[in-house]
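K.L.:
I need the structure of the sequence given here:
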Amino acid sequence: MLVRVQGTNLELDDALYAFVTEKLGDAFRALGALDRDPVQVDVELEETTRRHPQEREDERRYRAEVNITVPGHLIRAEGSADTLSQSIVEMKHHLTRELREWREQLIDDRRAGGRKVKRELGAEIEAERYEGLTDEYEDRYIEEIGEFAGEEPDTEEDAPSAS
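P.N.:
The predicted structure is shown next:
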C-alpha cells in the first residue's frame, strides 16, 4: 500500500505522518483479508484560508481528504473539524464506512457470479449424473415405476390407440 500525504497551508512532520498512517491502518481493517498491494492512497491535509466568510460559514478550519485507488474503483472520504486531528479522525470514520460498502459489494459480485455458474452448470451436472447408468439400473427403475403406475399393457394390441 503506497501512502502519499500532502499538506496545504500547513507543515507536515513525522508525528503527523505517523498519526495519519495509524488512522488509515484502522480504516483498512474493514477490508479484512483482501489484498492491499495494488492500493494507492493520497491524503491531503489542509488549513482553510477563510477568504470568503459568507461562503464558508459552516466549514471548519481544518480539512482532511483521502482518495484511495483500488483496481477498477476510486474511494473518497473527507472530514473537517476545528482541529487537524479531529478532521483526520472524522475522515477515518467516513473512509471506514466507504471501504466496508465497497468490500460488501465486491463480495456480493463474487457470490452472484458463483450463483450464475451454479445455475448454468446445474442442469449439465444433473444430466451427467444419469448419463453413465447401465441398462440394469434403467430396467430396475422402470420396474419401480411400473409398481406404482399399475400394470402396463404387454402388447401393442392391448394399448389404447392414439387416434
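
K.L.:
what helix or strand is residue 18 on?
P.N.:
Assigned by DSSP states H and E, residue 18 falls within helix 14-28.

K.L.:
And for residue 117?
P.N.:
helix 84-131.

K.L.:
For the helix or strand just after the helix holding residue 18, output the C-alpha coordinates as CSV.
P.N.:
Heading C-terminal from helix 14-28, the first helix or strand you meet, by DSSP H and E, is strand 40-47. Below are the C-alpha coordinates for strand 40-47, written out as CSV (Å, rounded to 0.1, in the frame of the first residue of the first chain):
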residue,chain,number,x,y,z
GLN,A,40,-2.7,3.6,-3.7
VAL,A,41,-3.6,6.2,-1.1
ASP,A,42,-3.5,10.0,-1.5
VAL,A,43,-4.1,12.1,1.6
GLU,A,44,-4.5,15.9,1.6
LEU,A,45,-4.5,17.9,4.9
GLU,A,46,-5.5,21.5,4.6
GLU,A,47,-5.9,24.5,6.8
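
K.L.:
Just give the nearest non-adjacent residue to residue 10, would you?
P.N.:
Nearest residue to residue 10, sequence neighbours excluded (C-beta to C-beta, 6 or more residues apart in numbering): residue 47, at 4.7 Å. The way it works is simple: take the backbone N, C-alpha and C, and place the C-beta from them, glycine included.

K.L.:
so what's that neighbour bridging to?
P.N.:
For residue 47, the beta-bridge partners under DSSP bridges are residue 62.

K.L.:
Quick check: it touching residue 61?
P.N.:
Yes. Contact criterion C-beta atoms under 8 Å: residue 47 and residue 61 qualify, at 6.5 Å.

K.L.:
ok, back up a step: state the mean pLDDT of the helix holding residue 18.
P.N.:
Mean pLDDT, computed over helix 14-28, is 89.

K.L.:
Mind giving me the packing neighbours of that helix?
P.N.:
Applying 3 or more C-beta pairs under 8 Å, 6 or more residues apart in numbering; DSSP states H and E, we find helix 14-28 packed against strand 2-8, strand 40-47, helix 84-131.

K.L.:
Neighbours of residue 16, how many?
P.N.:
Residue 16 has 17 neighbouring residues, counting by other C-beta atoms under 10 Å.
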